[in-house]
Every structure is written in structure tokens, then in C-alpha cells.
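Visitor: My questions concern the predicted model and sequence given below.
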Amino acid sequence: MLADLLATPGVREVHAAGGDLGVMALHGGLEEGTFEIAEAVADASGASLYAVVQPDDLAWHVPSIEYDPAASPALRAFLDGVATVVSIHGFGRIGMRHTALVGGRNRPLGARVAAALRRHGELRAVTDISKIPRTLRGLHPRNPVNLPRHQGVQLELTADLRRGRHRAALTAALADMAMSHPAAAGYGL
């Protein structure tokens with residue numbers, strides 16, 4: 001499925017090697033603002049970056065668990081080059097307008113990401129896995145967020161948080177967290 005998406009005209013795959021912490025946006029273009037946030041965080045912090053960006057006229061949602069590193073040398077290189085990762089996603093649910101869902105298997109990093117986000121006053125960060133909808137938890141072992149040696153955090157953001165002033169504040173909070181993240185030391189183990 002990933003190979004088909006990557007072969008589609010107009011789809012861009014972005015990989016930039018950086019630090020041991022990686023930032024991903026698997027649904028760039030489809031989930032508005034996710035690529036821009038991931039790219040800005042990587043640029044500001046020196047983190048590694050991996051993204052798939054779809055053109056405006058495409059709306060193909062390949063589930064995260066279908067992002068097989070065997071189908072993409074760039075994804076394989078990214079995952080081999082990072083110790084942990086923050087994967088940026090978008091979601092929408094009634095009653096969760098300013099909510100960030102902090103899933104993934106690296107729960108200590110999830111707590112750290114949530115603390116950085118909570119410094120942005122209008123945001124609610126949910127870290128309790130049981131309160132995150134099952135399909136948004138980012139816990140599946142094939143999900144790329146869980147493939148680096150110290151796994152990672154799947155950050156699901158509402159559309160409001162991926163726009164305007166919220167996006168700028170959220171990006172700054174994530175970049176600050178990324179710059180101070182001791183990924184090379186295996187934080188959270």
C-alpha cells in the first residue's frame with residue numbers, strides 16, 4: 001500500500017537526517033498542517049525528519065500500520081537513524097476542539113511531550129491511553145512510531161491546533177522539548 005502511494009504522481013517523500021530524535025508526518029497534505037509542524041520542529045531542533053506529503057487533489061489515507069519500511073528506503077533510513085520518534089497526526093472528534101491525544105508506546109516521552117504542550121494555555125493533552133480512542137492510540141507494533149529502539153509518541157492534533165497561532169505555539173513547544181530531549185541516552189527506559 002505504501003509503495004503504491006509513493007508511486008502516485010505528486011506525492012513527495014521527505015527524509016532529512018538529523019539527531020537521534022525523529023519527527024514524522026505520515027499524512028502530510030491529507031492532515032492539514034502535520035507536515036508543516038513536523039518540518040518546523042525538525043528545523044528548529046535538529047531532529048531527523050520523515051514525511052509523506054500528498055498533493056491537494058489527493059486524499060488517500062494509508063493507515064500508519066501499512067507504512068512498511070521494506071517499501072521505502074527513506075523510511076528505513078529514518079527509522080535506523082533515530083532512537084525515538086514523535087509522529088504528528090490530525091484527528092477530529094466532537095467536543096475535543098483544543099485537544100492533543102498523546103499515544104504511542106514510549107509513555108515517559110509521552111508525559112514529557114504532554115508537559116511541553118500544556119504550557120500552551122488553551123490546549124488539553126490526554127495521556128491516559130484508556131481515554132484515547134482505540135484507533136488513535138498508536139500502540140500497534142507495526143506502526144512506525146513504535147519501530148525505533150526506544151519507540152515513540154503518536155501525537156494526534158485537532159484541526160484548530162494545526163492552524164494559526166495555535167500551530168505556532170504548539171510547534172515552539174515541541175521544538176523546545178525536542179532540543180532538550182536526551183534521546184541518545186535512551187530517555188524513558
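Guide: Good, I have the coordinates. Quantities reported herein were computed from a predicted structural model and do not represent experimental measurements.
Visitor: Mind checking what secondary structure Pro148 has?
Guide: Secondary structure for Pro148, judged by DSSP: H, G, I helix; E, B strand; the rest coil, is coil.
Visitor: Go ahead and confirm it touches Arg76.
Guide: No. Taking contacts as C-beta atoms under 8 Å, Pro148 lies outside contact range of Arg76: 11.7 Å. C-beta here means a position set from N, CA and C on the backbone, and glycine is covered the same way.
Visitor: And these two? Which one has more around it.
Guide: Between Pro148 and Arg76, counting by other C-beta atoms under 10 Å, Pro148 is the more crowded of the two (22 against 15).
Visitor: Show the contacting residues for the more buried one.
Guide: Residues in contact with Pro148, defined by C-beta atoms under 8 Å, 6 or more residues apart in numbering, are Gly22, Leu79, Val82, Ala83, Thr84, Val85.
Visitor: Can you show me the strands along the chain?
Guide: For the chain, the strands defined by DSSP state E occupy 12-16, 21-28, 48-53, 84-90, 99-103, 124-126, 152-157.
Visitor: Report the backbone C-alpha coordinates of the third one in PDB.
Guide: What follows is strand 48-53 as a C-alpha-only set of coordinates in PDB (Å, rounded to 0.1, in the frame of the first residue of the first chain):
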ATOM      1  CA  SER A  48      15.500  14.000  12.000                       C
ATOM      2  CA  LEU A  49      12.500  14.300   9.700                       C
ATOM      3  CA  TYR A  50      10.400  11.800   7.700                       C
ATOM      4  CA  ALA A  51       7.200  12.800   5.900                       C
ATOM      5  CA  VAL A  52       4.900  11.700   3.100                       C
ATOM      6  CA  VAL A  53       3.200  14.800   1.600                       C
END
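Visitor: hmm, back to that, with pLDDT added, can I get the contacts of Pro148 in TSV?
Guide: Shown next, in TSV, are those (pLDDT from 0 to 100):
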residue	pLDDT
Gly22	96
Leu79	98
Val82	96
Ala83	95
Thr84	95
Val85	96
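Visitor: Could you list every helix and strand in contact with the longest helix out of those in the chain?
Guide: What stands out as the longest helix in the chain, according to DSSP state H, is helix 164-179. Applying 3 or more C-beta pairs under 8 Å, 6 or more residues apart in numbering; DSSP states H and E, we find helix 164-179 packed against strand 21-28, helix 34-45, helix 107-118.
Visitor: repeat that for 6 Å
Guide: Where contact means 3 or more C-beta pairs under 6 Å, 6 or more residues apart in numbering; DSSP states H and E, helix 164-179 is packed against helix 34-45, helix 107-118.
Visitor: Any idea which of those helices gets closest to Leu58?
Guide: Nearest to Leu58 among the helices and strands packed on helix 164-179 is helix 34-45 (13.5 Å), distances taken as C-beta to C-beta.
Visitor: mean confidence for that closest one?
Guide: Here helix 34-45 scores 96 as its mean pLDDT.
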